[in-house]
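Got a sequence here, can you model it:
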Amino acid sequence: FKLQFGTQEHVPRIAVLAGPTAHCLIDLLQRYQAGTLPVRITAVISNHSLDKLDHNNGYVKGALESLKIPFHHFATSSKPTPTPAAEDGLC
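Below you'll find the model as predicted:
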């Protein structure tokens with residue numbers, strides 16, 4: 001069974017959104033490095049810092065550096081931001 005996504009000339013470019021634990025990110029990076037993902041990872045984006053994600057002896061940071069994939073951290077506030085619907089009492 002072989003999964004194909006278009007032609008060799010068109011490789012989808014994706015950004016990976018990383019959650020608070022790195023196990024899924026590590027799996028994706030390993031598959032990407034092995035060439036089994038038919039995509040080009042252009043960035044990893046998370047609201048968790050790389051230090052918090054990378055409690056795996058620096059594997060994530062090292063993999064991102066060797067694969068030349070930039071990491072973008074967007075810090076979020078711990079206070080919830082009310083939505084207009086919540087302000088109207090609809091939520």
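
Could you check the helix or strand in which L64 is found and say which residues are buried?
If you go by DSSP states H and E, L64 is part of helix 59-67. Within helix 59-67, the residues that count as buried by 16 or more other Cβ atoms under 10 Å are V60, A63, L64. Every C-beta, even on glycine, is put in place using the N, C-alpha and C of the backbone.

for stretch 46-58, same thing?
For stretch 46-58, the neighbour count (16+ other Cβ under 10 Å) marks S46, H48, L50, L53, D54 as buried.

quick check, nearest of the residues you listed to K68?
Set against K68, the nearest of the buried residues of stretch 46-58 by Cβ to Cβ is L50 (15.3 Å).

Now do that closest one against I26, distance only.
Distance of L50 to I26, given as Cβ to Cβ, to the nearest Å: 13 Å.

what touches both of those two?
V60 (Cβ atoms under 8 Å, 6 or more residues apart in numbering).

okay, the buried residues of helix 59-67 in TSV with distance to V39 and pLDDT next?
Shown next, in TSV, are the buried residues of helix 59-67 (distance: Cβ to Cβ, whole Å; pLDDT from 0 to 100):
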residue	distance to V39	pLDDT
V60	18	91
A63	16	92
L64	15	94
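
From those, pick the one nearest A18.
Proximity of the buried residues of helix 59-67 to A18 (Cβ to Cβ) peaks at V60, which lies at 8.5 Å.
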